[in-house]
Structure formats: structure tokens, C-alpha cells
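A.B. asks: Prediction below, plus the sequence it came from.
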Amino acid sequence: MTIREVSPEGVGARTTLELGGRERHQRGLGPTREEYLAIRARWAAVTNDSLHRAGLNVRVDHRSLEQQGLSRAPRPPIPDKVFYAERQSGPSQAGDEIRARHRERIEALQKGELSSFKERVRERAVADLKQKDAQPKQPRRNTLTKEQRHEVRRQKYAERREIERKDPIREAQRREAARQQYYKSREKDPEAYRQGRREYRRSHADEVNRNQRLYRKEHSEELNRQRREYRRTHAAEENRKQREYRQRAALERETPHQPTAEESARKWLEYRERHGPGPTAEESAQNWLAYRNSQEVSDPAQLTPSADRAHRKEPSAADDPDDRPRPTHDHDLEL
């Protein structure tokens with residue numbers, strides 16, 4: 001919630017919640033605690049009214065457990081980032097640490113050792129701060145290049161995976177959550193998702209192939225076991241498919257495929273779409289007449305001996321025997 005006034009003109013001046021104790025006393029205002037409690041009560045009333053109008057039975061209460069008359073221990077305050085991450089992927093290391101500290105606090109409260117527990121928490125925080133200060137200073141994120149930010153993200157991802165691999169159950173939960181998220185995103189737009197994956201594999205072919213080889217090498221035994229189990233459980237189906245394939249291939253070799261009327265019509269339509277409708281009957285007749293007229297000679301006497309020989313058909317052995325030239329017995333040698 002904002003601590004400024006909100007009006008039709010927008011966000012205005014600061015409210016009295018930001019005033020210090022001296023300034024509040026000078027203005028005749030009470031302690032800030034009362035205003036915060038009033039805001040919490042109003043917020044709870046508005047929330048419960050909205051839940052009632054939405055048809056939900058759940059309600060919220062701004063009062064403490066003691067004021068409500070409940071004896072149960074308070075729940076650990078989980079940050080929003082951790083809460084939504086666990087709701088999507090299951091328990092996380094950060095959430096487990098928060099819940100473990102909360103259990104320690106409850107146990108210390110029950111034993112009457114709350115002060116010593118707070119002292120241990122303070123010492124732990126000081127030690128963590130000293131360890132953080134001893135580490136080299138990291139450059140600010142806004143000063144890094146795009147590739148450097150990607151490298152930092154990959155390093156954090158690898159560190160988180162190393163922690164997750166130590167717990168097989170959590171690793172399986174994480175993989176299942178990632179698989180379900182993949183299915184949901186793919187169902188929204190399958191073609192766009194496949195196109196994006198193809199483009200990524202094309203632009204990162206070396207990295208993808210290297211990761212695949214590394215994965216097969218690390219999980220070779222598991223992959224081989226899964227293949228053997230699959231072949232063993234689906235042996236009958238695989239054998240049936242192989243027999244059907246061999247029979248179909250032998251039948252195609254013996255009897256070549258004859259296209260049906262529908263296949264011929266479909267191929268003809270595909271041909272027309274690729275090459276166009278083609279000339280009409282009238283256009284074909286006109287083209288043929290034009291071609292024949294261009295090949296004919298108006299006056300045969302104008303043919304030269306070379307042209308006459310070019311247009312004369314040379315006899316061949318494949319022609320009719322009666323049309324072949326016969327030898328003459330005239331030996332006058334044209335005298």
C-alpha cells in the first residue's frame with residue numbers, strides 16, 4: 001500500500017504515517033501503531049467483503065493469534081518469490097531454511113530460551129555478513145554486457161542444479177514440474193514453439209550437439225536400459241510392424257502401384273497449380289499453323305542445291321526396302 005494520499009488527480013502528499021514521533025506529538029496525533037492497526041482492520045474488512053461477494057468461504061483476520069484465542073504456533077513468513085516458486089516447482093532450499101529457523105524459534109519459545117535463540121541468530125547474521133564482505137566485490141548488473149549477464153545466470157543455474165542433484169526426490173519433482181510447464185506452453189501455440197526451437201537449434205547447433213553427446217555419455221547405462229526395456233515390452237508390436245513392412249515392400253515390388261482416378265486428378269490439379277492452366281485448344285491450333293507456315297517454302301525452285309540437299313530426306317536402312325535406291329547397270333559414265 002502507498003503511504004501517500006490518493007485523489008482523483010493522482011498520488012498526492014505524504015500521509016501522517018511518515019511523520020516522526022516528535023512531529024506527531026506537535027500536531028496532536030497519537031502513536032503510529034494505532035493508525036497501522038486501523039489500516040489493517042479496514043483492509044481485512046474490505047478483503048472479507050470481496051471474498052463474500054466472490055462466493056468464497058475463506059476469511060482473513062488482522063488480529064494476532066493471542067487476540068483470536070488460538071493456541072497454535074504462527075506459520076513461518078515465506079517471501080513471495082519463494083512462495084510462488086515452491087507452488088510451481090515444489091519445496092526449495094530457501095523455503096526449507098526459513099521453515100527450519102522458524103521451528104528453532106518455536107522450540108526456543110516453548111523452552112523459554114528465546115533470548116539465547118535471538119543471540120544465535122544475530123551471531124549467525126554477523127558471520128554471514130563478514131563472509132560476504134570477505135568475498136571479492138561483484139560488478140553491478142547494469143555495467144555487465146549481455147553475454148556477461150548470461151554467464152552469471154548460467155553459473156547460478158549450475159550451482160542450483162548441484163544442490164538439487166543431492167536430493168533425488170526433489171530433482172524428480174523439479175523435472176516433472178518443468179515437463180508440465182513445457183506441455184502447457186507448447187499447447188498454447190505448438191507451431192510457434194516448434195519454430196522457435198528449430199531456430200535456436202540452428203543458431204546453437206554446436207552447443208546443442210555438445211550437450212547431447214555429454215548427456216548420452218553421462219547417462220549411457222540408463223539410456224541403454226530404457227531401450228532394452230522398451231524393446232522387451234514392445235517386442236510383439238515391433239515384430240508385427242516389421243512383418244507388415246516386409247510384406248508391403250514385397251507386394252510393391254511384385255505389383256507396381258497403379259494410381260487411382262482420385263490420385264490422377266489430384267496430381268493433375270497440382271501440376272496445373274505449379275505450371276498454370278496452359279494454352280486453350282484454339283491457341284494450340286493457331287500456334288501449330290504458325291509453326292507449319294514458318295517451315296514451308298513458297299517456291300521450291302528457289303531452293304539452292306545445298307538447301308535442297310538439306311531438305312531432302314536421306315534414305316536409311318530402317319526405311320521401306322521398296323523406297324531404297326537401286327544400283328543401275330548403265331556403264332556409260334554419263335558420256
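C.D. replies: Perfect, thanks for sending it.
A.B. asks: So G12 belongs to a helix, correct?
C.D. replies: No. According to DSSP: H, G, I helix; E, B strand; the rest coil, G12 belongs to no helix; its state is strand.
A.B. asks: Return the residues in contact with it.
C.D. replies: Taking CB atoms under 8 Å, 6 or more residues apart in numbering, we find G12 in contact with 4-6. From N, CA and C alone the C-beta is placed, and that goes for glycine too.
A.B. asks: From G112, how far out is it?
C.D. replies: 49 Å (CB to CB, to the nearest Å).
A.B. asks: Please apply the same query to Y84.
C.D. replies: For Y84, the distance to G112 - CB to CB - is 36 Å.
A.B. asks: who's more crowded, those two?
C.D. replies: Y84 (11 against 8; other CB atoms under 10 Å).
A.B. asks: Provide the secondary structure category for that one.
C.D. replies: The three-state label given to Y84 by three-state DSSP is helix.
A.B. asks: Likewise for V6?
C.D. replies: strand.
A.B. asks: Please report how far the residue lying closest to it once chain neighbours are set aside lies from Q258.
C.D. replies: Nearest residue to V6, sequence neighbours excluded (CB to CB, 6 or more residues apart in numbering): G12, at 7.0 Å. Applying CB to CB, the value for G12 to Q258 is 86 Å.
A.B. asks: what about L19, neighbour count?
C.D. replies: For L19, using other CB under 10 Å, the count is 15.
A.B. asks: Please apply the same query to R124.
C.D. replies: Using other CB under 10 Å, R124 has 11 other residues around it.
A.B. asks: Check which helix or strand it maps to.
C.D. replies: Using DSSP states H and E, R124 maps to helix 114-134.
A.B. asks: can you pull the buried residues of that helix?
C.D. replies: Residues of helix 114-134 classed as buried: F117 (neighbour count, 16 or more other CB atoms under 10 Å).
A.B. asks: Run through who's touching whichever helix or strand comes after it.
C.D. replies: Later in the chain than helix 114-134, the nearest helix or strand by DSSP H and E is helix 146-165. Contact with helix 146-165 is made by 93, 141, 144, 170-171, 174, as judged by CB under 8 Å, 6+ apart.
A.B. asks: can you give me the strands for the stretch 151-300 of the chain?
C.D. replies: Under the criterion DSSP state E, counting those that start in this stretch, the stretch 151-300 of the chain carries no strands.
A.B. asks: Might you list the low-confidence residue ranges for it?
C.D. replies: In the predicted model, the stretch 151-300 of the chain carries pLDDT under 70 at residues 256-257, 297-300.
A.B. asks: that older thread, the residue nearest to V6 and I39: what is the separation?
C.D. replies: For G12 relative to I39 (CB to CB), the value is 17 Å.
A.B. asks: can you check Y157 too?
C.D. replies: 41 Å.
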